[in-house]
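Participant: Have a look at this prediction, sequence included:
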Amino acid sequence: MKKISVLIPCYNEEENVGPMSEAIVKLFTTELVGYDYELLFIDNDSHDNTRPLLREICAKNPKIKAIFNAKNFGQFNSPYYGILQTTGDCVVSMVCDFQDPIELIPQYVKEWENGYKIVIGIKTSSKENPLMYHLRSLYYKIIKKFSDVEQIEHFTGSGLYDREFVEVLRNLNDPTPFLRGIVAELGYRRKEIPYEQPKRRAGKTHNNFYRLYDAAMLSFTSYTKIGLRLATFLGILCGIISAIIGVVYLILKLILWDAFATGLAPVLIGMFFLGAVQLFFLGFIGEYVLSINQRLMNRPLVIEEERINF
């Protein structure tokens, strides 16, 4: 009997871990009765009642497991590490707030049985904030245009990954993994399942500007050269323009020595403009340096505090 692992990353999801565990167990006792299963929750240092609830859930069902992280290791490391701890013939990754519909799991499994080693969900629309959805669409188009690697639009990480691909992930030894990019860059032939993203079942979203910015920068620095190239090209352009302006000013001053007053305004405007450009691209280049630094330090993905039912 094949075994399917279901990974549920969670952070402050006390209102959702119970219903999610019940929904997954019901799915395997009704629609997926021909498969063995394990359900793994990996908690990223929740501060609400999530962990006590997970202990109760695990005590009632030995097929439900939990890993408690010692601290919050970020939105990418924790799910990636969780995938590596599963033991099934494949692993299905879903979010805990029901925004990845569990009805997708039977579809994932069906395509997996058809031979696909990677089956992923692709958002075609969302019942969440329409502005955020369109901003994400714009971001995906930008990253797709400038990336050297194929990028998958509106792929959040939800999907089924065969054991062979999990072993690929295990051997990467990347301390700052970006699963969405890795699937596109190193993944096998895949099947994409479209779905409409529903609203959160309960609780508040944990996405904020910093988390979205972090995701965007990780994608940019890992899969594009556009930041560095843009800094180079804009620097060259500013240099050419400055040289032309300098020559024009010199000629005008020599021809109209007494009538032509250069003044301080052009000098100040040029200084502030070039200073702003330099500061912007120093920050952009700093993002690449930060990404390199994190990889060189090679710190562990996650430090565990507790395991249950392993």
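Facilitator: Okay, I see it.
Participant: From start to finish, how long is stretch 59-79 in a straight line?
Facilitator: According to C-alpha to C-alpha, to the nearest Å, stretch 59-79 extends 23 Å from its N-terminal end residue to its C-terminal end residue.
Participant: Buried ones in the helix or strand containing residue 38, by neighbour count?
Facilitator: When elements are defined using DSSP states H and E, residue 38 is found to belong to strand 36-43. Within strand 36-43, the residues that count as buried by 16 or more other C-beta atoms under 10 Å are 37-43. Using the backbone N, CA and C atoms, a C-beta is placed for each residue, glycine as well.
Participant: Out of those, which is nearest to residue 25?
Facilitator: Using C-beta to C-beta, residue 39 comes nearest to residue 25 of the buried residues of strand 36-43, at 7.2 Å.
Participant: how about low-confidence regions in the stretch 1-150 of the chain?
Facilitator: Per-residue confidence of the stretch 1-150 of the chain (counting by pLDDT under 70) places the weak regions at 126-150.
Participant: For the chain, which segments count as helices?
Facilitator: Remark: helices of the chain, listed N- to C-terminal, are 17-30, 50-60, 74-84, 104-113, 130-146, 163-172, 179-186, 209-223, 226-255, 265-297; assignment by DSSP state H.
Participant: Near residue 308, how many other residues are there?
Facilitator: Applying the criterion other C-beta atoms under 10 Å, we find 18 residues in the vicinity of residue 308.
Participant: do residue 29 as well
Facilitator: Using other C-beta under 10 Å, the number of residues around residue 29 comes to 10.
Participant: from what I can see residue 302 touches residue 68, true?
Facilitator: No: shown here, residue 302 and residue 68 do not form a contact pair, counting by C-beta atoms under 8 Å, at 10.2 Å.
Participant: Neighbour count for those two, which is higher?
Facilitator: Using other C-beta under 10 Å, the more surrounded residue of residue 302 and residue 68 is residue 302, with 23 against 19.
Participant: who's in contact with that one?
Facilitator: Contact partners of residue 302, counting by C-beta atoms under 8 Å, 6 or more residues apart in numbering, are 42, 67, 69-70, 73, 77-78, 81.
Participant: Going by neighbour count, which of those residues comes out on top?
Facilitator: Neighbour counts for the contacts of residue 302, by other C-beta under 10 Å, peak at residue 42, which reaches 26 neighbours.
Participant: who's that residue bridged to?
Facilitator: Under the criterion DSSP bridges, residue 42 forms beta bridges with residue 9, residue 67.
Participant: That one and residue 10 touch, don't they?
Facilitator: Yes: at 7.2 Å, residue 42 counts as touching residue 10 under the criterion of C-beta under 8 Å.
Participant: any idea of the mean pLDDT for stretch 159-166?
Facilitator: Along stretch 159-166, the predicted confidence averages to a pLDDT of 94.
Participant: what's the first-to-last distance across that stretch?
Facilitator: Stretch 159-166 has an end-to-end distance of 12 Å (C-alpha to C-alpha).
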